[in-house]
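Peer 1: Predicted structure and sequence below. I'll ask about it afterward.
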Amino acid sequence: MKAFTFVRARSAEEAAKTLGDSKTGLLHSGGCDLLDRMKERVAEPDMLVSLCDAEGLSDIRLEEDGSIWVGARATLARLAEASLVQRFLPTLSEAAALAASPQLRHRATIGGNLAQHTRCGYYRHKSFPCLKRGGDSCPVRAEGGVQEMAGIFDNETCASAHPSSIAPVLGSLDAELVIRNADGRQAFVPSFESLWASPKKGRASDLALAAGDVIEAVRIPARDTKQFVGYAEIRQRKAFDWALVSCAVRYEMDADGKIAQASVWYGSVAPTPWRAGAAESALRGKACTDETARTAAEQALADATPLAGTTYKVQLAKVALKRALAAARERA
Ligand SMILES: Cc1cc2nc3c(=O)[nH]c(=O)nc-3n(C[C@H](O)[C@H](O)[C@H](O)COP(=O)(O)OP(=O)(O)OC[C@H]3O[C@@H](n4cnc5c(N)ncnc54)[C@H](O)[C@@H]3O)c2cc1C
């Protein structure tokens, strides 16, 4: 591992300013993703700015306006166990409880989870060329490429998949991000979708934050109307692994028992968390029946562009959406 300076920031503001002054500095939170990348020499920062001692970053609280504030340093274990999250954001609690392993959940934080990099084996292994590391093409797409964990949407330039199973839940809940800029100012990213950008040559992360931006918190807005929420994921094994596909849904009903508005998000199917707009349109105006779920699942995957090794993910993604909708109905 290359030598680096280790700085303990006492606040998000201090972290952002320190990071802004470094050349190739990176934030360190739980270290579950970052230290792997450093050991693999995929990340070689001159400085690590640790958030571990930063004050107030682990809060999970109900705000006066009814929204829920989750500090960037809240661990997945706390998300799974906090009564506030279990009561008001059950899909977030559920996804956090299923992620990784107990050891990792006690270390991994929500900020680091959103900013984690793809687990694509080519990206993570420096001896292979990789578009994200400045190469000319994506080896996953090349003949003989290992494709099983790749994405099935937006995979023309880079076929990686974003591994977070927490991000689709936050997307479905319309979460907004609270950011601390390099000049120390607080900013809000109100649209979860605008947080992500399609892959680009030489850009390791598709999280569209400026260099030096620190995620300070995630805020989940309050709703006036009853929300129906469901989450489903499909894994090869139940622990110490990532989901092959995850899916989170949220919808509201109108007075006639029809879906008035729906939000459908997938994880592990594209380089970024993936919003399934076609499924949302298919759900709108319909009663939430098995038939509606079947149609929405077909629509969600109609534009998928699987590679030879990922055709299986198309079916998994359909099943995940049907299960997430069924879970939402059952919870109601
Ligand atoms: C075996 C295994 C199984 C896993 N299974 C799952 C799973 O099922 N679902 C899932 O979602 N994840 C899974 N993970 C991933 C794990 O949850 C993430 O690696 C973890 O959440 C990252 O958080 P961290 O605090 O450790 O981040 P770090 O490793 O400290 O940081 C990760 C990245 O985020 C940046 N960063 C950290 N904090 C911030 C911040 N506040 N603002 C801006 N950037 C920041 C860092 O610079 C770094 O680039 C798994 C990991 C392992 C090893």
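Peer 2: Yep, that arrived.
Peer 1: My guess is Thr109 contacts Arg78. True?
Peer 2: No - counting by CB atoms under 8 Å, Thr109 sits too far from Arg78 to count as a contact (9.2 Å). Heads up, the C-betas are built off the backbone N, CA and C, glycines and all.
Peer 1: Between the two, which has more neighbouring residues?
Peer 2: Thr109 (26 against 20; other CB atoms under 10 Å).
Peer 1: Which strand residues bridge the more buried one?
Peer 2: Under DSSP bridges, the beta-bridge partners of Thr109 are Thr75.
Peer 1: so what's the closest residue to Asp59 other than its chain neighbours scoring on pLDDT?
Peer 2: Nearest residue to Asp59, sequence neighbours excluded (CB to CB, 6 or more residues apart in numbering): Gly71, at 4.4 Å. For Gly71, the model assigns a pLDDT of 98.
Peer 1: Make residue 1 into 59 and carry on from there
Peer 2: Sounds good: first residue 59 from here, last item Gly129.
Peer 1: Tell me which residues touch the closest residue to Ala355 other than its chain neighbours, please.
Peer 2: In space, and not counting its chain neighbours, Ala355 is closest to Lys376: 3.9 Å by CB to CB, 6+ apart. Shown in contact with Lys376 (CB atoms under 8 Å, 6 or more residues apart in numbering): 355-356, 358-359.
Peer 1: Which of those residues fall in helices?
Peer 2: Among the contacts of Lys376, the members falling in helices (DSSP state H) are 355-356, 358-359.
Peer 1: now, which of those sits nearest the ligand?
Peer 2: Ala358 (20.4 Å; CB to the nearest ligand atom).
Peer 1: how about the nearest residue to the closest one once chain neighbours are set aside, secondary structure?
Peer 2: Computed as CB to CB, 6+ apart, the closest residue to Ala358 that is not its neighbour in sequence is Ala337, at 3.7 Å. Of the three states, Ala337 takes helix under DSSP: H, G, I helix; E, B strand; the rest coil.
Peer 1: tally of neighbours for Ala337?
Peer 2: By the measure other CB under 10 Å, the count of residues near Ala337 is 29.
Peer 1: and if you look at Lys81?
Peer 2: As a burial measure, Lys81 scores 7 neighbours (other CB under 10 Å).
Peer 1: these two touch, right, it and Asp104?
Peer 2: Yes - Lys81 lies in contact with Asp104 (CB under 8 Å); the separation is 5.3 Å.
Peer 1: The longest helix seen in the chain near the ligand anywhere?
Peer 2: Taking DSSP H as the criterion, the chain has its longest helix at helix 369-389. No - counting by CB under 6 Å from any ligand atom, no contacts exist between helix 369-389 and the ligand, the nearest distance being 13.6 Å.
Peer 1: Tell me how far that helix lies from the chain's centre.
Peer 2: In terms of CA atoms, centre = their mean, to the nearest Å, the centre of helix 369-389 is found 18 Å from the chain centre.
Peer 1: And the average pLDDT for stretch 192-207 is what?
Peer 2: The model assigns stretch 192-207 a mean pLDDT of 96.
Peer 1: Repeat that for stretch 362-374.
Peer 2: 98.
Peer 1: repeat for stretch 166-174
Peer 2: With pLDDT averaged residue by residue, stretch 166-174 scores 98.
Peer 1: Just give me how far stretch 143-163 sits from the chain centre.
Peer 2: Mean-position distance between stretch 143-163 and its chain equals 13 Å (CA atoms, centre = their mean).
Peer 1: swap in stretch 90-107?
Peer 2: Here stretch 90-107 shows a centroid-to-chain-centroid distance of 20 Å under the convention CA atoms, centre = their mean.
Peer 1: Smallest gap between the stretch 109-258 of the chain and the ligand, at which residue?
Peer 2: Closest residue of the stretch 109-258 of the chain to the ligand, CB to the nearest ligand atom: Gly170 (2.0 Å).
Peer 1: Now that residue, what are its backbone angles?
Peer 2: phi -70, psi -30 (degrees, to the nearest 10).
Peer 1: show me the contacts for the residue nearest to it when sequence neighbours are not counted.
Peer 2: Residue nearest to Gly170 in three dimensions, not counting chain neighbours: Ser87, with 4.0 Å by CB to CB, 6+ apart. Counting by CB under 8 Å, 6+ apart, Ser87 makes contact with 108-110, 130-131, 167, 169-170.
Peer 1: Please repeat the previous calculation with a cut-off of 7 Å.
Peer 2: Taking CB atoms under 7 Å, 6 or more residues apart in numbering, we find Ser87 in contact with 109, 131, 167, 169-170.
Peer 1: ditto for Glu201
Peer 2: Glu201 makes no contacts at all, as judged by CB under 7 Å, 6+ apart.
Peer 1: measure it to Pro221 for me?
Peer 2: Counting by CB to CB, to the nearest Å, the gap from Glu201 to Pro221 is 25 Å.
Peer 1: buried set for stretch 129-139?
Peer 2: 129-138 (16 or more other CB atoms under 10 Å).
Peer 1: Pro221 in helix, strand or coil?
Peer 2: For Pro221, the assignment made with three-state DSSP gives coil.
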